[in-house]
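K.L.:
based on what follows, work out the 3D shape:
(one chain, ligands or ions: 2)
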Amino acid sequence: MAANSVQQLRLRYASVLKNFVASAQTFDILDTVPPQTGQQRNAAPSHSLFVLDSSFNPPTAAHLSIATSALEESRRPSRLLLLLATQNADKPSKPAWFEDRLVMMTMFAQDLRTHLQSRQSELPDIDIGVTKKPYFVDKAAAIEESGLYARDTEQVHLTGYDTLIRIFNPKYYPPTHTLQPLEPFLSRHRLRVTMRPDDEWGNREEQEDYLRQLAQGGREGDGAKREWADRIQLVQGRKAGELPISSTRARQAAQTKDQLLTTLVPESVASYVVEQNLYQE
Ligand SMILES: Nc1ncnc2c1ncn2[C@@H]1O[C@H](COP(=O)(O)OP(=O)(O)OP(=O)(O)O)[C@@H](O)[C@H]1O
Ligand SMILES: NC(=O)c1ccc[n+]([C@@H]2O[C@H](COP(=O)(O)O)[C@@H](O)[C@H]2O)c1
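P.N.:
Ligands and ions are numbered 1, 2, ... in the order given. Prediction:
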């Protein structure tokens with residue numbers, strides 16, 4: 001993308017984002033790659049809607065492989081929603097500006113389509129969306145209620161294992177602190193969870209065991225249903241010996257001007273981070 005069109009895009013995102021923040025809306029689509037009208041979006045035939053919710057701070061090679069593998073394995077026509085969460089359940093907001101993240105999401109979407117081009121003939125449309133809702137049950141409801149997608153569209157949320165554990169933590173669901181609020185989400189939608197084996201979250205067997213326990217009724221005491229396990233697919237993530245990837249590591253590499261940045265994030269995102277001097281504080 002030429003430098004002046006990137007700056008124009010950044011300014012446009014800053015302005016639409018300001019309107020979104022000031023509005024009562026809890027979800028909106030700010031852009032689509034390739035560009036299209038709202039009418040085209042509504043007219044889309046029944047498809048899977050993959051949703052990758054993240055702070056995109058910055059988008060990484062892990063996000064790229066999570067989205068690529070879901071789209072490649074899908075047997076139905078699919079669409080991808082990159083969903084920027086302006087409010088996080090646990091973390092305070094950190095740099096970069098949201099408009100920079102939206103620009104990086106757009107570059108990420110273009111990279112993703114280029115990446116898929118060599119493997120599939122029909123490329124998915126990719127929406128760039130925003131939500132004010134930190135919890136998945138509310139994100140899914142906000143997407144449904146927006147009317148921006150055909151009714152009954154099944155959402156498949158792409159998360160990592162660490163996020164699955166937090167979705168199933170009753171502490172997020174006051175006042176009863178049970179898992180019952182997950183029912184509307186998991187009866188209509190799905191989770192595709194990428195394993196994230198490391199010291200904090202356990203190895204592959206422990207992560208598979210977590211889902212097995214749910215399927216055997218091990219969380220019924222918290223109000224979970226065993227059939228929810230059928231709505232959750234666990235997929236292999238980083239293989240042994242491969243570099244662990246996270247946005248935190250990418251921010252650190254940017255700050256220390258470490259070449260590793262180009263391995264941690266897609267090429268266009270790395271160039272943007274360097275050109276805009278992001279993550280220097
Ligand atoms: N390397 C990874 N393996 C598996 N899942 C991942 C990986 N990186 C991110 N995810 C998942 O992608 C989603 C969005 O990621 P998020 O923005 O939290 O990235 P992050 O790298 O964990 O961020 P940060 O380092 O800033 O905490 C989350 O559900 C997260 O679990
Ligand atoms: N119970 C939940 O639905 C729940 C719990 C913790 C985090 N989240 C969300 O998961 C996403 C990823 O979070 P992190 O960036 O903290 O990994 C964010 O949108 C965050 O708000 C949801």
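K.L.:
for the nearest residue to residue 87 once chain neighbours are set aside, give me phi and psi.
P.N.:
Nearest non-adjacent residue to residue 87, counting by C-beta to C-beta, 6 or more residues apart in numbering: residue 134, 4.9 Å away. Any C-beta I mention is one placed from the backbone N, CA and C, and that applies to glycine too. Backbone torsions for residue 134, taken as degrees, to the nearest 10, come to phi -80, psi -20.
K.L.:
same check on residue 203?
P.N.:
Dihedral angles phi and psi of residue 203 (degrees, to the nearest 10) take the values phi -90, psi -180.
K.L.:
skipping adjacent residues, who's closest to it in space?
P.N.:
Of all residues beyond its chain neighbours, the one nearest residue 203 is residue 197 (5.1 Å), with distances taken as C-beta to C-beta, 6+ apart.
K.L.:
look up the pLDDT of the residue nearest to residue 87 for me, please.
P.N.:
The predicted local confidence for residue 134 comes out at a pLDDT of 95.
K.L.:
who's in contact with it?
P.N.:
By C-beta atoms under 8 Å, 6 or more residues apart in numbering, the contact set of residue 134 is 85, 87, 88, 89.
K.L.:
return the residues of the chain in contact with ligand 2.
P.N.:
Along the chain, the residues adjacent to ligand 2 under the rule C-beta under 6 Å from any ligand atom are 53, 55, 85, 88-91, 134-136, 163, 166-167, 172.
K.L.:
please name the nearest non-neighbouring residue to residue 268.
P.N.:
Closest residue in space to residue 268, ignoring its immediate chain neighbours: residue 107 at 4.0 Å, by C-beta to C-beta, 6+ apart.
K.L.:
what about the residue of the chain most remote from its centre, which SS state?
P.N.:
No residue in the chain has its C-alpha farther from the mean C-alpha position than residue 221, which lies at 29.6 Å (C-alpha atoms, centre = their mean). State at residue 221, reduced to three classes by DSSP: H, G, I helix; E, B strand; the rest coil: helix.
K.L.:
any idea how far it is from residue 33?
P.N.:
Remark: distance between residue 221 and residue 33 (C-beta to C-beta, to the nearest Å) = 44 Å.
K.L.:
ok, residue 22 next?
P.N.:
With distances defined as C-beta to C-beta, the gap from residue 22 to residue 33 amounts to 25 Å.
K.L.:
which one of those two has more residues nearby?
P.N.:
In this view residue 22 and residue 33 are compared by other C-beta atoms under 10 Å, and residue 33 has more residues nearby, 21 against 8.
K.L.:
hmm, residue 107 and the more buried one touching each other?
P.N.:
No - applying C-beta atoms under 8 Å as the test, residue 33 and residue 107 come out as separate, 9.4 Å apart.
K.L.:
and which of the contacts of residue 134 is nearest to residue 18?
P.N.:
Of all the contacts of residue 134, the one sitting nearest residue 18 is residue 87; the distance, using C-beta to C-beta, is 15.8 Å.
K.L.:
and the closest one, how many neighbours?
P.N.:
Residues contacting residue 87 under the criterion other C-beta under 10 Å number 13.
K.L.:
now swap in the one 4 residues further on and tell me
P.N.:
Using other C-beta under 10 Å, residue 91 is surrounded by 11 other residues.
K.L.:
equivalent analysis for the one 10 residues further on, please.
P.N.:
One way to gauge burial is a neighbour count; for residue 101, by other C-beta under 10 Å, it gives 25.
K.L.:
give the contact list for residue 228.
P.N.:
182, 186, 214.
K.L.:
and if you look at residue 65?
P.N.:
Taking C-beta under 8 Å, 6+ apart, one finds nothing in contact with residue 65.
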